[in-house]
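Colleague: just coords:
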């Protein structure tokens with residue numbers, strides 16, 4: 001029977017917005033229903049949706065969504081930009097610890113302009129530049145309607161691409177520099193994954209405080225060029241992994257103090273190299289595992305060096321009492337971006353080319369800048 005088969009877009013609409021199949025096929029019935037439901041509606045939206053977990057390039061698609069109600073405490077935001085982060089990919093794959101129920105709209109952070117507000121909304125007006133703070137799911141669509149508590153008004157002069165990406169990566173870098181040991185000017189940190197956005201932010205935020213950084217990158221073609229780029233950001237030392245296959249890595253520091261804190265986002269051998277730099281009683285903080293290899297630690301590091309291994313997850317931090325600091329820190333980071341004291345490489349991609357950006361984010365085209373969807 002024809003009625004037994006629903007087009008994919010319609011299958012997504014029903015669970016996402018509680019429209020019946022009859023409503024989806026009958027625009028007049030839908031319009032009458034919506035008018036009776038509310039006089040305040042968002043514009044129609046285009047969104048990246050997935051109905052099941054799996055490979056992002058297989059389970060995501062871009063569809064048109066109908067208007068939704070803007071309730072009295074809601075704010076409708078016209079999205080301007082939103083990044084594709086590794087955690088976004090993990091949510092779609094179904095392996096991230098916290099993820100929305102499917103079917104879902106992708107994306108977790110971004111920036112937009114207030115389009116309209118509900119009758120009870122205070123402090124936000126059409127035209128304001130806002131971000132979801134803390135981040136919230138469903139940012140990969142042209143219009144997002146959420147409660148006013150989700151949105152935070154930021155400086156209108158904030159660069160759009162930095163406003164879209166300020167939370168997940170730069171805030172992670174800032175918190176890790178603050179939360180695990182007391183660092184002072186003249187101290188040193190060591191990290192792997194130095195070319196990542198978090199890694200680039202650590203270099204610059206440390207330099208702004210007079211803190212040295214020792215940085216580890218993977219062996220690759222063009223590594224000398226990568227080293228120069230990182231040094232222009234403020235890196236004191238940059239080594240490839242193969243350059244650290246020596247007994248005494250601290251002999252390579254050239255007068256820089258022994259690192260007081262280490263950061264790991266790779267795992268495997270790259271994590272072991274961070275540990276080699278650390279002195280007695282120091283800490284390595286892990287915030288990612290890009291190699292998908294475990295961290296192997298020599299027993300002597302625990303017994304004779306008394307090293308500590310810690311973890312950092314921004315979402316957990318934002319669930320604590322410290323979350324109240326989040327918006328103040330975001331303002332600080334955006335101030336640095338406006339002053340060009342915080343910068344990192346990104347590629348703005350039109351929304352119509354979403355799947356090209358997704359392929360790049362998945363690594364199908366080699367090493368690529370952070371992909372940021374521009375709506």
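Modeller: Thanks, I have it. Here the structure is a predicted model, which means the values were calculated and not measured. Numbers count the residues shown, from 1 in each chain.

Colleague: C-alpha from now on. contacts and neighbour counts both.
Modeller: OK.

Colleague: please name the nearest non-neighbouring residue to residue 308.
Modeller: The shortest distance from residue 308 to any non-neighbouring residue, by CA to CA, 6 or more residues apart in numbering, is to residue 283 (4.6 Å).

Colleague: list the contacts of the helix or strand hosting residue 335.
Modeller: Assigned by DSSP states H and E, residue 335 belongs to helix 326-338. Helix 326-338 is contacted by residues 133-134, 152, 154, 157-159, 162-163, 166-167, 170-171, 318, 342-343 when judged by CA atoms under 8 Å, 6 or more residues apart in numbering.

Colleague: for the residue nearest the centre of the chain, give its distance to residue 135.
Modeller: Centroid-nearest residue in the chain: residue 168, 3.7 Å away (criterion: CA atoms, centre = their mean). Separation of residue 168 from residue 135 (CA to CA, to the nearest Å): 8 Å.

Colleague: so what sits against both of those two?
Modeller: Residues within reach of residue 168 and of residue 135 at once, by CA under 8 Å, 6+ apart, are residue 109.

Colleague: next secondary structure after the helix holding residue 335?
Modeller: strand 346-350.

Colleague: and residue 144, that one's in a strand?
Modeller: Yes. Using DSSP: H, G, I helix; E, B strand; the rest coil, the assignment for residue 144 is a strand.

Colleague: from residue 45, how far off is it?
Modeller: 8 Å.

Colleague: over to residue 243?
Modeller: 51 Å.

Colleague: the strands in the stretch 1-150 of the chain, which residues?
Modeller: For the stretch 1-150 of the chain, applying DSSP state E, counting those that start in this stretch gives strands covering 45-50, 60-65, 74-83, 104-105, 111-117, 129-132, 143-147.

Colleague: so which of those strands is nearest residue 272?
Modeller: Between residue 272 and the strands of the stretch 1-150 of the chain, the shortest gap by CA to CA is with strand 74-83, which sits at 30.6 Å.

Colleague: list the strands paired with that closest one, with their directions.
Modeller: strand 111-117 (antiparallel), strand 143-147 (antiparallel), strand 370-374 (antiparallel) (DSSP bridges).

Colleague: any chance of the ones you listed in a markdown table with mean pLDDT as columns?
Modeller: As requested, those are arranged in a markdown table below (pLDDT from 0 to 100):
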| stretch | mean pLDDT |
| --- | --- |
| strand 111-117 | 98 |
| strand 143-147 | 98 |
| strand 370-374 | 98 |
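
Colleague: can you redo these as CSV with distance to residue 185?
Modeller: Listed next are the strands paired with strand 74-83 as CSV, based on distance: least, CA to CA, whole Å:
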stretch, distance to residue 185
strand 111-117, 34
strand 143-147, 42
strand 370-374, 30
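
Colleague: in CSV: those, plus distance to residue 195 and mean neighbour count.
Modeller: Below are the strands paired with strand 74-83 laid out as CSV (distance: least, CA to CA, whole Å; neighbours: other CA atoms under 10 Å):
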stretch, distance to residue 195, mean neighbour count
strand 111-117, 24, 24
strand 143-147, 32, 21
strand 370-374, 11, 24
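
Colleague: looking at those, which is closest to residue 59?
Modeller: Residue 59 sits nearest to strand 370-374 of all the strands paired with strand 74-83, at 18.2 Å, using CA to CA.

Colleague: residues in contact with residue 138?
Modeller: The neighbours of residue 138, taking CA under 8 Å, 6+ apart as the test, are 104, 105, 106, 107, 108, 144.

Colleague: show me the shaky parts of the protein.
Modeller: 1-39, 320-324 (pLDDT under 70).

Colleague: switch to 80 and redo it
Modeller: 1-39, 319-324 (pLDDT under 80).

Colleague: how far away from the center of its chain is the strand or helix carrying residue 152?
Modeller: Element membership for residue 152 (DSSP H and E) is strand 151-153. On the basis of CA atoms, centre = their mean, to the nearest Å, strand 151-153 is displaced by 17 Å from the centre of the chain it belongs to.

Colleague: next: stretch 93-106.
Modeller: 15 Å.

Colleague: what does that stretch contact?
Modeller: Residues outside stretch 93-106 that contact it (CA under 8 Å, 6+ apart): 12, 15-16, 47-56, 87-88, 90-92, 137-141.

Colleague: start to end distance for that stretch?
Modeller: End-to-end for stretch 93-106, by CA to CA: 11 Å.

Colleague: one more: stretch 63-81?
Modeller: Distance between the two ends of stretch 63-81: 18 Å, counting by CA to CA.

Colleague: okay, buried residues for that stretch please.
Modeller: Neighbour-count burial for stretch 63-81 flags 63-71, 74-81 (criterion: 16 or more other CA atoms under 10 Å).

Colleague: who's in contact with residue 211?
Modeller: 183, 184, 185, 186, 187, 188, 189.

Colleague: just the residues you listed: which are in strands?
Modeller: 188, 189 (DSSP state E).

Colleague: could you single out the nearest of the contacts of residue 211 to residue 270?
Modeller: residue 189 (15.0 Å).
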